[in-house]
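Engineer: Sequence first, predicted model second:
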Amino acid sequence: MSETEPPVPETDVAQLDEDDRLKPEYVRAVLDAVHDGDDEEARALVEPLHPADIADLFELTPHEDRADLANALTDLLDADVFAEMNDYVREDLIDALEPHQVADIAAELDTDDAVAIIEDMEPEDQREVLRALDPDDRAAIEEALSYGEETAGRLMQRELIAVPEHWSVGNVLDYLRGHEELTTDFWEIFVVDPAHKPVGTCQLSWILRCPRNIAIADVMKREQTLIPIDMDQEEVALRFQKYALISAAVVDPAGRLVGMITVDDIVHIIQQEAGEDVLRLSGAGDGDINEPILLTVRTRLTWLVVNLGTAILASSVVGLFQGEIAKFALLAVLMPIVSGMGGNAGTQTLAVVVRAIATNQLTDSNTVRMIVREFRIAAANGASLGIIIGVGTYVIFGNPSLAIVIAMAMVINNLIAGLSGVLIPVTLDRFDIDPAVSSAVFVTMMTDVMGFFSFLGLATLWGLGG
């Protein structure tokens, strides 16, 4: 165990399972103590937990019991617990606290964590909390709130160490030891010029190993990755991932150092963004099990209504061929296979392309190559599936014409699915529309419509309904 990690109490063995999750019987024991009014017992059970585990305890507690649990554990609900808590659960608890209590919690947190607590509050409650803060804390949080959501300005923390480039290593060490108000959590020191523009970074390990008389300018690394204050948090995460950063300086439009972003924040962003894309493809919204039911219903219903519209469009295509279907009922039996397999193929391609766009793997320089690649894959898969379904249809129904028609339709719809899975998200991305949100609906519509149209159209041309 590293020296920076807090010791794990032995009593945690009885509270956590082999996957470091709170055991159901432990959660029940805590809630039973709360229901019985035995706050001391509840605190004794919870006190050994890490702040992240206390946050998990609140997330595992039913909504109607969280306020009682919070009242029982008042002394243990510190800033670290709120920083680890799920957004929806945290909002529940924040709503139950007085503004001065929220201000006390925010004052103990880094700016980025304090902003995360305050930004979703009602405007009036937000103003009361800000008024209860110290002037310096209030100014820092108000400045952060002035930047757009999900930008580096919201994500960054202002607590950092910056020193002038003319200092020596000894000057830096004396500065760090002589100012107790400095932040204690940092990995790098930023070196700035007289205009407060970053000119380099210096790791703590370098400073500790150098003689005091060495100039900091001779120790620092001049190559650094600077983060514009208005950069989207997803782009920030990609830079951290690409360049293996531990921390990075955030600069304003004039190039001045205004904050820093650390990798612990980026881990949350990467997890959040990855989950968002998957959930948006399905139209499930945030997909958080703690999200209010009405909000979940509204989010999912919106996309289900859109899907209903595309389903009606697909059924109207089937209606064009109802005469042929009435004459040859096997068409109605087999046509869902063509559209369904096309939808699955389109979803596969769509997932790959959306991920490639999100991670900057797909750019203007390789878009055409990606389209050709997916077309070749779709052709190979379509031909393979066409042969399988064609042979199967002939064996089962003994109709060679029907077998040929469904095989050809399978190839056509797979090609449509492959091209749609690439072209639709790429086109939406060109118009600055999030492809993860809208692509699935259009791809499904294309594969359903073209699946029915190709199969029934070919059947009509072949005279199967005659």
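Structural biologist: Cool, got the structure. The structure presented is a predicted model; accordingly, all values stated were derived computationally and were not measured.
Engineer: Number of residues surrounding the nearest residue to R222 once chain neighbours are set aside?
Structural biologist: Excluding the flanking residues, the one nearest R222 by C-beta to C-beta, 6 or more residues apart in numbering is G200, at 4.6 Å. Yep, even glycine has a C-beta here, placed from its N, CA and C like the rest. The tally of other residues near G200 (other C-beta atoms under 10 Å) stands at 20.
Engineer: Need the pLDDT of G200.
Structural biologist: pLDDT, G200: 95.
Engineer: name the element it belongs to?
Structural biologist: strand 198-203 (DSSP states H and E).
Engineer: Any idea how far that strand is from the middle of the chain?
Structural biologist: 30 Å (C-alpha atoms, centre = their mean, to the nearest Å).
Engineer: immediately after it, which helix or strand?
Structural biologist: Toward the C-terminus from strand 198-203 - assigned by DSSP H and E - lies helix 204-209.
Engineer: what about the residue nearest to R222, distance to A162?
Structural biologist: Going from G200 to A162 by C-beta to C-beta, to the nearest Å gives 11 Å.
Engineer: any shared contact partners between these two?
Structural biologist: Common contact partners of G200 and A162 (C-beta atoms under 8 Å, 6 or more residues apart in numbering): 190-191.
Engineer: And for T427, the neighbour number?
Structural biologist: Residues near T427, counting by other C-beta under 10 Å: 13.
Engineer: which SS class is it?
Structural biologist: helix (DSSP: H, G, I helix; E, B strand; the rest coil).
Engineer: From here on, call the first residue 52.
Structural biologist: New numbering, starting at 52: the last item is T478.
Engineer: who are the neighbours in contact with it?
Structural biologist: T478 neighbours (C-beta under 8 Å, 6+ apart): none.
Engineer: repeat for P451
Structural biologist: P451 sits next to Y445 when contact means C-beta under 8 Å, 6+ apart.
Engineer: Check it and give its pLDDT.
Structural biologist: P451 carries a pLDDT score of 94 in this model.
Engineer: Equivalent analysis for G336, please.
Structural biologist: 59.
Engineer: before we move on, which element is P99 in?
Structural biologist: Going by DSSP H and E, P99 is not in any helix or strand.
Engineer: all strands of this structure, in order?
Structural biologist: 213-215, 239-243, 249-254, 277-279, 298-302, 308-313 (DSSP state E).
Engineer: quick one: S489 from V357, how far?
Structural biologist: Using C-beta to C-beta, we find S489 at a distance of 9 Å from V357.
Engineer: Revised request: answer the last question for I192.
Structural biologist: From I192 across to V357, the span is 38 Å (C-beta to C-beta).
Engineer: Likewise for E149?
Structural biologist: Distance from E149 to V357, by C-beta to C-beta: 43 Å.
Engineer: Quick one: low-confidence residue ranges for this protein.
Structural biologist: For the chain, the stretches flagged by pLDDT under 70 are 52-65, 324-340, 516-517.
Engineer: so I278 makes contact with A203?
Structural biologist: Yes: taking contacts as C-beta atoms under 8 Å, I278 lies within contact range of A203: 4.9 Å.
Engineer: which residues are in contact with both of these two?
Structural biologist: 287, 301, 312.
Engineer: Out of those, which comes closest to I467?
Structural biologist: V287 (37.0 Å; C-beta to C-beta).
Engineer: Pull the contacting residues for the closest residue to D281 other than its chain neighbours.
Structural biologist: Spatial nearest neighbour of D281, excluding adjacent residues (C-beta to C-beta, 6+ apart): T202 at 5.4 Å. Going by C-beta under 8 Å, 6+ apart, T202 touches 280-284.
Engineer: do you know how far A93 is from P113?
Structural biologist: 15 Å.
Engineer: My error: substitute K74 in the last question.
Structural biologist: From K74 across to P113, the span is 17 Å (C-beta to C-beta).
Engineer: Also Q322?
Structural biologist: To P113, Q322 is 25 Å away according to C-beta to C-beta.
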